[in-house]
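Chemist: Return a 3D structure for these sequence lines:
(2 chains)
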2 protein chains.
Amino acid sequence: MAEGVEWALHSCLNLSWADRPVPAARMAAYFDLPAPYLNKQLQALARAGIVASTPGPKGGFSLDRAPEKITLLDVVVAIEGPEPAFRCAEILHASPFGDRKADYVAGCVISQAMSAAELAWKKELAGTTVADLRDGVARQYPRSEDQTREWLAQR
Amino acid sequence: MAEGVEWALHSCLNLSWADRPVPAARMAAYFDLPAPYLNKQLQALARAGIVASTPGPKGGFSLDRAPEKITLLDVVVAIEGPEPAFRCAEILHASPFGDRKADYVAGCVISQAMSAAELAWKKELAGTTVADLRDGVARQYPRSEDQTREWLAQR
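Modeler: Model (predicted):
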């Protein structure tokens, strides 16, 4: 999984605290990340409808829906794409007893087992939202929300 | 995930049916795969204690433990290594309120949530064995076991 997933998740969490749009450069400065690369992740989140971009001198990125409505799976898919980690290449097609017309992605027991595991992973990611992350931080690092909101509001 | 995982899982399943050691070239011919690359995967399985390699003219690869004792997680880790898919780079270390001494892999809520999802994936993979795959094939493709055993026994 690319580092962009970590960046995007932290950006969503920060945006859930922000009280105004945050420019990509300001968000990048927060984590000491290269702004153009972080901007690329934020654009991917925008294409997925997770964040919105406001132009202009007071513009920047903000969450485009409530943190309760953004799951970790939404963010991972926005950055990594919808392809499964295990990609069945249907190598049984070439085997001596393979059926060249068979759909082994659906029919092969190995593909089925690997898909079941990926489904368990997705269910877990889909069951956790940015709001849950925020609750977790509120418990573990109660000052983070206010500190971060203030810092991000500076230009 | 690399294609080697698919190759390794199918190889383990085939070896669970084989009644004698199978040379890498014979296994590669079964799936029409490049023998040197498949051999690399089989060597990785050997290093993980999943298969054993017997030298000599009648040598080849065989399972080194019962199919009930080989989980899909064993095979995935043998090929992909033990690294998690989501690698927390602890970007909070650089943040204005970050604690440079903190262990954010353990302490960051994002790292925790991503690890929980990966644990769900691993549990699923660890709960399925090569014996389970074999049972699945026996139900769906009852002739596969005998056909494959006979084919692999030829040189």
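
Chemist: is chain B contacted by the helix or strand that contains A:L133?
Modeler: Using DSSP states H and E, A:L133 sits within helix A:130-140. Yes: Helix A:130-140 lies within reach of chain B by CB under 8 Å from any CB of the partner chain, at A:132-133, A:136-137, A:140. (Glycine included, C-beta is placed from N, CA and C.)

Chemist: Show me where chain A has its helices.
Modeler: A:3-17, A:24-31, A:35-47, A:72-80, A:104-107, A:109-126, A:130-140, A:144-153 (DSSP state H).

Chemist: who touches the fifth one?
Modeler: Around helix A:104-107, the neighbours that count as contacts under CB atoms under 8 Å, 6 or more residues apart in numbering or on different chains are A:88, A:90, A:92-93, A:98, A:111-112, B:140.

Chemist: ok so, going back, now do the buried residues in the helix holding A:L133.
Modeler: By neighbour count on 16 or more other CB atoms under 10 Å in any protein chain shown, the buried set for helix A:130-140 is A:130-134, A:136-137.

Chemist: in chain A, which residue is closest to the centre?
Modeler: Among the residues of chain A, A:V75 comes closest to the average C-alpha position under CA atoms, centre = their mean, at 1.9 Å.

Chemist: mind checking pLDDT for that one?
Modeler: On pLDDT, A:V75 comes in at 98.

Chemist: Now do the contacts for it.
Modeler: Contacts of A:V75 by CB under 8 Å, 6+ apart are A:5, A:8-9, A:12, A:45, A:50, A:130.

Chemist: any idea how far it is from B:T54?
Modeler: Distance of A:V75 to B:T54, given as CB to CB, to the nearest Å: 49 Å.

Chemist: What of A:E83?
Modeler: A:E83 sits 38 Å away from B:T54, going by CB to CB.

Chemist: first to last residue in stretch A:71-90, what's the distance?
Modeler: Its first and final residues considered, stretch A:71-90 spans 31 Å by CA to CA, to the nearest Å.

Chemist: in it, what's buried?
Modeler: Neighbour counts over stretch A:71-90 (16+ other CB under 10 Å) mark A:71-80, A:84-86, A:88, A:90 as buried.

Chemist: now stretch A:28-48
Modeler: Neighbour counts over stretch A:28-48 (16+ other CB under 10 Å) mark A:28-31, A:33, A:38-39, A:41-42, A:44-45, A:48 as buried.

Chemist: Return the member of those nearest to chain B.
Modeler: A:F31 (4.6 Å; CB to the nearest CB).

Chemist: Need the CA coordinates for the helix or strand of chain A with the lowest mean pLDDT. PDB is fine.
Modeler: When each helix and strand of chain A is scored by mean pLDDT, DSSP states H and E, helix A:104-107 comes last, with a mean of 93. Presented in PDB, the C-alpha positions along helix A:104-107 are these (Å, rounded to 0.1, in the frame of the first residue of the first chain):
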ATOM      1  CA  TYR A 104     -11.800 -18.900 -12.400                       C
ATOM      2  CA  VAL A 105     -11.900 -15.500 -10.600                       C
ATOM      3  CA  ALA A 106     -15.300 -16.700  -9.400                       C
ATOM      4  CA  GLY A 107     -14.800 -20.400  -9.600                       C
END
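
Chemist: nearest spatial neighbour of the residue of chain A most remote from its centre, skipping sequence neighbours?
Modeler: Most distant residue from the mean C-alpha position of chain A: A:P96, 41.9 Å away (CA atoms, centre = their mean). Spatially, and ignoring its direct neighbours in sequence, A:P96 is nearest to B:W151 (5.5 Å; CB to CB, 6 or more residues apart in numbering or on different chains).

Chemist: for the one you found, what are its contacts?
Modeler: B:W151 neighbours (CB under 8 Å, 6+ apart): A:96-97, B:30.

Chemist: Looking at the residues you listed, which one is closest to B:A120?
Modeler: B:A120 lies nearest to B:Y30 out of those, by CB to CB, at 33.1 Å.
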